[in-house]
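Undergrad: sequence below, structure please.
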Amino acid sequence: MSNASSRLGEAGIESSSIELQMLVAHASGKDRTWVLAHLTDIGNNSSELDILLERRINREPLAYILGYREFYGRNFKVSKKVLIPRQETEHLVEAALKYIELDGWAVDIGTGSGCIGISLALETNSFNWILTDISPEALEIAKINAKSQNANVRFLNCDLLLTFKPDSLILVVSNPPYISINAPLPPEIDLYEPVRALFAGEDGLEIYRRLIPQSFQALKIGGLLIMEVGYGQMDYVKDLSEWIGFEVKEVLSDLAKIPRVIILKKS
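TA: Numbers count the residues shown, from 1 in each chain. Now for the predicted structure:
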């Protein structure tokens, strides 16, 4: 075990001991509690564990190796067809739950694994949820997650909000792509996560320029647009939103004190 942990550490893997425990649990069909109780009994001679270790040493994300990622207290299936759910995106879910007051149609744009829309659908019964994505492969993963979580949601393969009628929605949530195509990225992201879910033009703002005005059209008066925003982009997103006609209700920061979520209202 110590040798395997050292190999992960030498490959630049932070929290190598914890990740090793998770890999051992996955290879043995046990949970981490069992692994922690049997550390002295576990050797390094498992061929399946060797394969998993090589994948992680090659910087494949742990979530893709395990096949799932925990988000908002639930496990969501992931594959290389979808972005891995991030902890900071839970702030978006919390913001939406704070502001949800009305019934109506709600849309999760670029749903990927479905973690945002499914979490919100399970936390409240006051909305009819539609989960959309431009990628059919991503929607298949979201459908699997909705079924496993017993979430009552609908799915639509489309580009942002172009297929929705004006004044038809009460809530739009989205964690859109917001990375510049020139941004340096760690190998876990650069080599493995889906390009379409990451990049948004030269400055990372391309999707916001389309999503914000489309949302203003699709939302009813009083409707909300709640989005995750990339590092250093909040001022631009606020200015654009106000220019389009939105009222900025609140900006929430993540645990690193980075402005991360914006709540906009069509007044």
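
Undergrad: when you work out contacts or count neighbours from here on, use the C-alpha atoms and nothing else.
TA: OK.

Undergrad: could I get the phi/psi values of Ser79?
TA: For Ser79, the backbone dihedrals are phi -150, psi 180 (criterion: degrees, to the nearest 10).

Undergrad: how about Tyr64, secondary structure?
TA: When states are read from DSSP: H, G, I helix; E, B strand; the rest coil, the local structure at Tyr64 comes out as helix.

Undergrad: once you drop chain neighbours, what's closest to it?
TA: For Tyr64, the nearest residue in space outside its immediate sequence neighbours is Ser79; the separation is 5.6 Å by CA to CA, 6 or more residues apart in numbering.

Undergrad: that neighbour and Arg69 touch, don't they?
TA: No - taking CA atoms under 8 Å as the contact criterion, Ser79 and Arg69 are not neighbours in contact, 10.0 Å apart.

Undergrad: surely Ala197 and Asn175 touch.
TA: No - applying CA under 8 Å, one finds Ala197 not in contact with Asn175, separated by 9.3 Å.

Undergrad: overlap in contacts of the two?
TA: Gly110 (CA atoms under 8 Å, 6 or more residues apart in numbering).

Undergrad: give me the below-cutoff pLDDT ranges for this protein.
TA: Along the chain, the parts satisfying pLDDT under 70 run over 1-2, 34-46, 102.

Undergrad: tell me the spacing between Met234 and Tyr192.
TA: Noted for Met234: a distance of 27 Å to Tyr192, by CA to CA, to the nearest Å.

Undergrad: let me redo that: Phe127
TA: Distance, Phe127 to Tyr192, by CA to CA: 34 Å.

Undergrad: what sits against the nearest residue to Pro176 once chain neighbours are set aside?
TA: By the measure of CA to CA, 6+ apart, the closest residue to Pro176 outside its immediate chain neighbours is Gly110, 6.4 Å from it. Each residue near Gly110 by CA under 8 Å, 6+ apart is listed here: 131-134, 160, 174-176, 197.
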